[in-house]
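based on what follows, work out the 3D shape:
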Amino acid sequence: MPSVTQLKIGKHMTGIVGLKEALEEVAGKVRNPSDEQIVGLMMEKLSSKNYIPSTETELYESVLLREYKKFMGESIPELPLENVEVKVLGSGCPNCDRLEQELMMVIGQMGIDADLVHVRDIKEISRYGVMGVPALVINRKVKAVGTVPSRADLKAFLKEAEKSIYISLNSHT
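Below is the predicted model:
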């Protein structure tokens with residue numbers, strides 16, 4: 001069964017079916033491919049398993065090219081955040097699931113614009129350098145490891161993150 005990977009496409013988190021398998025296949029298929037070859041092969045592999053709106057093709061192509069380059073170990077600068085990005089790191093233990101549920105509740109209560117992703121892949125979790133789960137990452141910064149923070153702490157983390165996004169977006173305009 002192909003994996004599903006959450007990617008930010010524009011302003012929305014989108015599940016891409018078979019991304020990991022497509023990355024591995026394309027990486028093993030062509031030596032030193034051009035960006036156009038990478039994009040063409042990735043779109044060919046993924047368009048049969050995923051709905052890609054014709055109006056968004058260019059956006060998908062740029063995201064898939066970035067993912068391929070990251071997969072190949074190239075240093076890719078992070079894109080600026082447009083809304084609060086929240087990640088729960090953990091393979092699915094009860095505390096990991098509880099942290100995800102608490103975050104859903106707090107985000108809903110606060111009414112903030114946030115993307116919440118539960119990262120269960122061990123390789124991706126290891127990229128954050130955490131030595132315990134659950135771990136909480138907000139706006140690319142580790143906020144808690146090995147514990148489920150209180151609702152008050154979660155609200156404080158999210159308010160701080162929302163404020164930093166607001167300041168960042170307004171300083172670029």
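
Ser54: neighbour count?
One way to gauge burial is a neighbour count; for Ser54, by other C-beta atoms under 10 Å, it gives 5. In this view, the C-beta of every residue, glycine as well, is placed from N, C-alpha and C.

who's in contact with it?
Taking C-beta atoms under 8 Å, 6 or more residues apart in numbering as the definition of contact, Ser54 has no neighbours.

if I look at it, how far off is Gly10?
15 Å (C-beta to C-beta, to the nearest Å).

next: Arg140.
With the distance defined as C-beta to C-beta, Arg140 ends up 19 Å from Gly10.

same check on Ala27?
Summarising the geometry, the distance separating Ala27 from Gly10, computed by C-beta to C-beta, is 25 Å.

of those two, who's got more company?
Relative neighbour count places Ala27 above the other of Ala27 and Gly10, with 15 against 11, counting by other C-beta under 10 Å.

which residues touch that one?
Counting by C-beta under 8 Å, 6+ apart, Ala27 touches 68, 71-72.

by neighbour count, which of these wins?
Among those, where neighbours are counted by other C-beta under 10 Å, the top count belongs to Tyr68, at 22 neighbours.

my guess is that residue meets Ile38, correct?
Yes. Applying C-beta atoms under 8 Å, one finds Tyr68 in contact with Ile38, separated by 5.1 Å.
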